[in-house]
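*Asks:* Quick one: sequence and predicted model below, then my questions.
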Amino acid sequence: MEIKEYIRTHEDRFIEEWGSLIRIPSISAKPEHKGDIEACALRWKELLLEAGVDKAEVMPSKGNPLVYAEKMVDEKAPTILIYGHYDVMPAEPLELWHSSPFEPTIREGLLYARGADDDKGQALIQVKAFEYLVREGLLRHNVKFIFEGEEEIGSPSLTPFLTEHKDLLSADIILVSDTSMLDADLPSLTTGLRGLAYWELEVTGPNRDLHSGHFGGAVANPINELCNLLSRMVDEKGRITIPGFYDDVEELSAEERTMLAGIPFDEEKYKAAIDVDALKGEEGYSTLERNSCRPSFDVCGIWGGYTGEGSKTVLPSKAYAKVSCRLVPHQKHDVISQKFIDYVAQIAPPYIRVKVTPLHGGEGYVCPITIPAYKAAEAAIEDVFGKKPLAVRRGGSIPIISNFERILEIKTVLMGFGLEQNAIHSPNECFSLDMFRKGIEAVTLFHQYYTPQK
């Protein structure tokens with residue numbers, strides 16, 4: 001049976017299996033979902049066994065469990081390791097969803113739900129392509145799967161797991177579907193990811209909340225001071241002010257800038273899609289350069305004081321913020337993390353106390369476009385989409401990818417099928433059924449085209 005016919009024949013089952021994963025709210029950021037995390041890992045084990053692996057198991061780690069599975073056809077054959085994650089971001093703000101985030105809903109060819117794209121839908125693409133190859137007797141190499149439950153919180157347990165199970169995870173190449181294309185009609189392959197550093201700040205002023213009439217103007221307000229601190233992190237030209245921040249940043253070559261400039265990009269459409277009137281970023285760089293190849297600094301959350309209905313004239317004791325930096329290749333997240341901590345200590349005034357807690361981070365990654373696995377992915381995408389995919393760096397981060405290379409000494413090919421409009425991490429996350437079908441077809445062809453260098 002041809003792959004297109006196989007997809008048509010089994011699509012209803014695929015969507016029901018997709019839904020069975022989505023209905024489990026496997027939110028790694030919230031401890032109260034520990035049971036859901038374990039349930040989702042078990043569901044993946046079931047689906048992998050049904051797809052045709054020789055064995056699958058839920059393996060313990062220092063944190064959330066990992067799902068490992070394998071199909072070994074010949075010990076002398078090449079091995080592909082497929083990585084994905086089954087944890088998802090929190091769904092809040094719930095009031096902005098048009099349907100329940102954990103009950104999949106199909107509208108106008110899109111499946112809406114948290115995890116529809118990131119990463120349950122994309123991981124399922126890999127499993128269904130594998131299923132087809134096994135059932136049709138077309139699998140010619142070994143395949144291993146490793147699915148984790150902590151990607152959305154920085155993969156803290158997977159790194160030690162890699163070290164402890166290096167032999168188990170040995171492979172010739174790693175294949176990942178957890179990235180996006182430029183557009184449904186503009187196929188692309190991700191060749192680079194930014195790194196990440198993430199912190200929480202706690203600013204303390206007085207030892208209790210104070211009456212703003214009695215103390216306002218005489219005692220420092222922690223929220224005001226936190227805002228002042230954060231405002232000093234980026235200058236008027238969009239440059240991050242942390243001393244030494246750019247020491248290891250490699251400037252874009254003229255060739256890279258020319259390649260990026262050649263990518264079809266409609267800035268007006270880009271602004272309209274997110275409903276902004278103008279864009280802002282580091283001077284001297286284009287939008288595509290800023291959001292993929294240059295570092296950035298963002299306040300991801302800020303809170304403190306009274307936020308209930310009505311008014312309460314209070315000068316708060318504490319204020320908090322969550323802050324992240326996207327990093328570029330050669331920047332070490334632990335080095336940047338310490339530079340940020342040192343800078344905050346340097347500029348914090350004496351009338352507040354500031355505590356900085358690093359949360360997680362990871363390095364950037366670049367995939368060579370000359371390796372056989374990339375060429376196989378390129379050919380597969382071209383066959384399915386009718387166009388040779390553009391090689392692009394993306395602004396997101398998958399921190400574990402750099403550790404795959406460092407610990408397992410294996411390169412990763414990022415063969416993602418998401419789209420920017422899929423709203424991952426946001427309300428109304430979705431995934432195109434058409435892209436789901438094309439993804440299965442393209443991954444099937446990747447397996448058939450891939451031959452490693454001898």
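*Replies:* Received, thanks.

*Asks:* C-alpha from now on. contacts and neighbour counts both.
*Replies:* Fine.

*Asks:* need the contact list for the residue of the chain most remote from its centre.
*Replies:* Farthest-out residue of the chain from its mean C-alpha position, per CA atoms, centre = their mean: residue 214, at 47.1 Å. For residue 214, the contact set (CA atoms under 8 Å, 6 or more residues apart in numbering) is empty.

*Asks:* Of all the residues in stretch 19-31, which ones are buried?
*Replies:* Neighbour-count burial for stretch 19-31 flags 19, 20, 21, 22, 23, 24, 25, 26, 27, 28, 29 (criterion: 16 or more other CA atoms under 10 Å).

*Asks:* ok, now stretch 252-265?
*Replies:* 257, 260.

*Asks:* repeat for stretch 423-433
*Replies:* 423, 424, 425, 426, 427, 428, 429, 430, 431, 432, 433.

*Asks:* Mind checking which of these are in strands?
*Replies:* Applying DSSP state E to the buried residues of stretch 423-433, the entries found in strands are 430, 431, 432.

*Asks:* For the first one, name its beta-bridge partners.
*Replies:* What it means is residue 430. Beta-bridge pairing of residue 430 under DSSP bridges involves residue 112.

*Asks:* And the pLDDT for it?
*Replies:* pLDDT recorded at residue 430 is 98.

*Asks:* Surely it touches residue 108?
*Replies:* No - here residue 430 lies out of contact with residue 108, judged by CA atoms under 8 Å, at a distance of 11.0 Å.

*Asks:* How confident was the prediction at residue 454?
*Replies:* Listed pLDDT for residue 454 reads 57.

*Asks:* Give me the domain ranges for this structure.
*Replies:* The chain breaks down into these domains under automatic domain parsing: 3-193+364-449, 195-259+288-362.

*Asks:* Quick check: which of those domains is buried the most?
*Replies:* domain 3-193+364-449 (a mean of 20; mean count of other CA atoms under 10 Å).

*Asks:* quick revisit: heading C-terminal from whichever strand or helix holds the residue farthest from the centre of the chain, find the next helix or strand.
*Replies:* In this assignment (DSSP states H and E), residue 214 forms part of helix 212-215. Sequence order places helix 222-231 as the next helix or strand after helix 212-215, per DSSP H and E.

*Asks:* So which residues make contact with that next one?
*Replies:* With CA under 8 Å, 6+ apart as the contact definition, helix 222-231 has outside contacts at 203-205, 299, 303-305, 316-321, 344, 347-348, 352.

*Asks:* Distance to residue 389 for the ones in strands among the buried residues of stretch 423-433 - can I get that in a markdown table?
*Replies:* Putting these into a markdown table (distance: CA to CA, whole Å) gives the following:
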| residue | distance to residue 389 |
| --- | --- |
| 430 | 23 |
| 431 | 20 |
| 432 | 19 |
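
*Asks:* right, and out of the residues you listed, which lies closest to residue 56?
*Replies:* Checking these against residue 56 with CA to CA, the nearest one is residue 431 at 26.9 Å.

*Asks:* Dump stretch 115-135 to PDB, keeping only the CA atoms.
*Replies:* Provided in PDB are the C-alpha atoms of stretch 115-135 (Å, rounded to 0.1, in the frame of the first residue of the first chain):
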ATOM      1  CA  GLY A 115       0.100  19.900  22.500                       C
ATOM      2  CA  ALA A 116      -1.600  19.600  19.100                       C
ATOM      3  CA  ASP A 117       1.700  20.700  17.600                       C
ATOM      4  CA  ASP A 118       4.200  21.000  20.400                       C
ATOM      5  CA  ASP A 119       5.000  18.100  20.500                       C
ATOM      6  CA  LYS A 120       2.400  15.400  20.600                       C
ATOM      7  CA  GLY A 121       1.200  16.000  17.000                       C
ATOM      8  CA  GLN A 122       4.800  16.200  15.600                       C
ATOM      9  CA  ALA A 123       6.000  13.200  17.600                       C
ATOM     10  CA  LEU A 124       3.000  11.200  16.400                       C
ATOM     11  CA  ILE A 125       4.100  12.000  12.800                       C
ATOM     12  CA  GLN A 126       7.400  10.200  13.500                       C
ATOM     13  CA  VAL A 127       5.600   7.200  15.000                       C
ATOM     14  CA  LYS A 128       3.000   6.900  12.200                       C
ATOM     15  CA  ALA A 129       5.800   7.000   9.500                       C
ATOM     16  CA  PHE A 130       7.600   4.300  11.400                       C
ATOM     17  CA  GLU A 131       4.400   2.200  11.700                       C
ATOM     18  CA  TYR A 132       3.800   2.400   8.000                       C
ATOM     19  CA  LEU A 133       7.400   1.200   7.200                       C
ATOM     20  CA  VAL A 134       7.100  -1.700   9.700                       C
ATOM     21  CA  ARG A 135       3.700  -2.900   8.500                       C
END
